[in-house]
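Undergrad: I'd like to go over a predicted model; first the sequence, then the structure.
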Amino acid sequence: GQNIDQPTEMTATEGAIVQINCTYQTSGFNGLFWYQQHAGEAPTFLSYNVLDGLEEKGRFSSFLSRSKGYSYLLLKELQMKDSASYLCAPASGGSYIPTFGRGTSLIVHP
Amino acid sequence: DSGVTQTPKHLITATGQRVTLRCSPRSGDLSVYWYQQSLDQGLQFLIQYYNGEERAKGNILERFSAQQFPDLHSELNLSSLELGDSALYFCASSRAGDYEQYFGPGTRLTVT
């Protein structure tokens, strides 16, 4: 099975930077997804990391350390619309199918 | 709008009944995935189809079944429904060999 650990909830201020950490334990690891999900809506793809290191995509960046079973999602210049749940999801077993954690609910306040 | 459509948006039914959820993938996507999201279990993978064939199976109950038709749309059948089956059911699709999945808006199932 897979064990995924990320904080349940985080709060941050508009315009600030926030880092959402995720640790995972899985066999046959392929890569790690981050998805964003607003309440009652569909998840949307943010990133997929296969190699160690930081990948930047606009205001969002994702980092992976395969040896440590660790990833983080970095959100810069926070906006109110970034208030959502952020799902860390490793993929394993030769597939691209994510196994989702419970997610981190991010609340951005003015 | 992801391009993935799901019907119906909402479904209310009684325990013991059977329902069918429908999904149309994005144009050109051969893979379809089904997920269940409930408050206590989070987002869980159920099953994947690729070009009409079952490709991968997750935590799908025996009471549940799915299929993908020649036009690539998919249906998820849920039978002998229980209160605990109340959840949001998402369908997602992806291109062959691509890791990015595009999720539909979901079907909210309420079992009373």
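TA: Great, that's in hand.
Undergrad: wait, doesn't residue A:47 sit right on residue A:73?
TA: Yes. Using C-beta atoms under 8 Å, residue A:47 makes contact with residue A:73 at a distance of 7.5 Å. Bear in mind the C-beta positions are built from the backbone N, C-alpha and C, glycine included.
Undergrad: contact partners for residue 73?
TA: Using chain A here. In this structure, residue A:73 makes contact with A:19-20, A:22, A:34, A:46-47, A:60-62, A:86, A:88, judged by C-beta atoms under 8 Å, 6 or more residues apart in numbering or on different chains.
Undergrad: could you do chain B instead?
TA: When the contact criterion is C-beta under 8 Å, 6+ apart, the partners of residue B:73 are B:22-25.
Undergrad: over to residue B:35?
TA: Contact criterion C-beta under 8 Å, 6+ apart gives B:43-46, B:89-92, B:103 as the residues in contact with residue B:35.
Undergrad: check the burial of residue B:47 by counting its neighbours.
TA: Counted with other C-beta atoms under 10 Å in any protein chain shown, residues neighbouring residue B:47 total 22.
Undergrad: spell out, range by range, the strands that occur in chain A.
TA: Under the criterion DSSP state E, strands of chain A are mapped to A:3-5, A:9-13, A:18-25, A:29-37, A:44-49, A:53-57, A:60-65, A:70-75, A:84-92, A:104-109.
Undergrad: what does chain B put close to chain A?
TA: Where chain B comes near chain A, counting by C-beta under 8 Å from any C-beta of the partner chain, the residues are B:2, B:33, B:42-45, B:48, B:56, B:58, B:88, B:90, B:94, B:98-106.
Undergrad: what does the lowest-mean-pLDDT helix or strand in chain A rub up against?
TA: When each helix and strand of chain A is scored by mean pLDDT, DSSP states H and E, strand A:3-5 comes last, with a mean of 93. Under the contact criterion C-beta under 8 Å, 6+ apart, strand A:3-5 has outside partners A:22-26, A:88-90, A:99-102.
Undergrad: and the residues you listed, which of them are buried?
TA: Buried subset of the contacts of strand A:3-5 (neighbour count, 16 or more other C-beta atoms under 10 Å in any protein chain shown): A:22-24, A:26, A:88-90, A:99-102.
Undergrad: pLDDT weak spots in chain A?
TA: Scanning chain A for pLDDT under 70 picks out the ranges A:1-2.
Undergrad: so which bits of it are right by chain B?
TA: Residues of chain A found near chain B, taking C-beta under 8 Å from any C-beta as the criterion, are A:31, A:33, A:37, A:40-45, A:48, A:87, A:91, A:95-103.
Undergrad: now that we have the residues you listed, which of them are buried?
TA: A:31, A:33, A:37, A:42-43, A:45, A:48, A:87, A:91, A:96-103.
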